[in-house]
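K.L.:
make a model of this:
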Amino acid sequence: MADTKAPELSPLKRKLRHYYGSDTTEGRQFRYAILAFDVVTILFIVVTSFMPRTTLIEVLDAIFGMAILADFSLRIWISRRPLHEFVYPSTWADLAAVVSFMAPIIGEGAGFLRVLRTVRLLRTYHLLRQLRRDFEWFRRNEEAVLAGVNLFVFIFIMTAVVYETQHLTNPQIQNYVDALYFTVTTLTTTGFGDVTLPGTTGRLIAVVIMILGVTLFLNLVRTILQPAKVRHRCPRCGLGRHEADAVHCKACGDVLKIPDEGRV
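P.N.:
Reported below is the predicted structural model:
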């Protein structure tokens, strides 16, 4: 009978799985560091859009690209189902980011792929459980925070699309601020008209911003203005979100006994 015992993991792979997936202090700090790196990468993309392409920036591009490639390769290596990783958009976003940061090597046109870098932020949503446990403020404002992150990601993606598709041909779009200005005025339907995107492609981009953006913006406003709710599972029906001062479950009427900060 064939031996079906799983092969023993190498010490390095075991250690990496510990950092990427464990709930220990080391694991949480490591994942927060990756989140910080994601934010720094996006800031780097924005800031360098104002600067001429120099050797220093191209070297930094290559460094970012190699760091993303290293993280990507390690996650695939330690995965229990490596091929399954390619089902997730974040995997393809990482590959696109590597290609875009290597643009001086493979061709500057690939720089447009940097817009997909923000998809990597979506992968950080697996930190929700960790954030709830570590930060009381996040637990109280989770819905508003997530709505704000969704809006930010959308605005950044559309700003990047506007910039990357227009800055070489449209004199009104010279940097990310110009692109952000157009995106926000279109998103809010203000439409001053001093900056426009000519052609069919430009009009289609504006339509997408207006339709999807207004939906996200209204959802964010609704989430911020609605009464704050707390997470507490009802012992009878399982309803998980309740008003902070609720005594009874609004679904089944059972007594909730929600823990309160002032309770002794």
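K.L.:
which parts of the helix or strand containing residue 36 are buried?
P.N.:
Residue 36 is part of helix 25-48, with elements assigned from DSSP states H and E. Going by neighbour count (16 or more other Cβ atoms under 10 Å), the buried part of helix 25-48 is 27-28, 30-31, 34-35, 38, 41-42, 44-46, 48. In this view, the C-beta of every residue, glycine as well, is placed from N, C-alpha and C.
K.L.:
same check, this time on stretch 192-202
P.N.:
For stretch 192-202, by 16+ other Cβ under 10 Å, it's 195-197, 202.
K.L.:
quick one, the helix or strand just after the helix holding residue 36 and helix 25-48 angle?
P.N.:
Using DSSP H and E, the helix or strand that follows helix 25-48 towards the C-terminus is helix 55-78. For helix 55-78 against helix 25-48, the angle by axes from the mean of the first three to the mean of the last three Cα atoms, to 10 degrees is 150 degrees.
K.L.:
so residue 23, which of the three states?
P.N.:
coil (DSSP: H, G, I helix; E, B strand; the rest coil).
K.L.:
would you agree it is in contact with residue 130?
P.N.:
Yes: in this structure, residue 23 is within contact of residue 130 by Cβ atoms under 8 Å, at 7.4 Å.
K.L.:
this structure: strands as residue ranges?
P.N.:
229-231, 241-243 (DSSP state E).
K.L.:
follow-up on the earlier one: quick one: which of the buried residues of stretch 192-202 sit in helices?
P.N.:
Under the assignment DSSP state H, the buried residues of stretch 192-202 contribute residue 202 to helices.
K.L.:
pick out the most distant pair among the buried residues of stretch 192-202.
P.N.:
195 and 202 (10.6 Å; Cβ to Cβ).
K.L.:
circling back to that earlier point, who are the packing partners of the helix holding residue 36?
P.N.:
Counting contacts by 3 or more Cβ pairs under 8 Å, 6 or more residues apart in numbering; DSSP states H and E, helix 25-48 is packed against helix 11-21, helix 55-78, helix 119-123, helix 128-134.
K.L.:
switch to 10 Å and redo it
P.N.:
helix 11-21, helix 55-78, helix 89-101, helix 119-123, helix 128-134, helix 142-166, helix 176-187 (3 or more Cβ pairs under 10 Å, 6 or more residues apart in numbering; DSSP states H and E).
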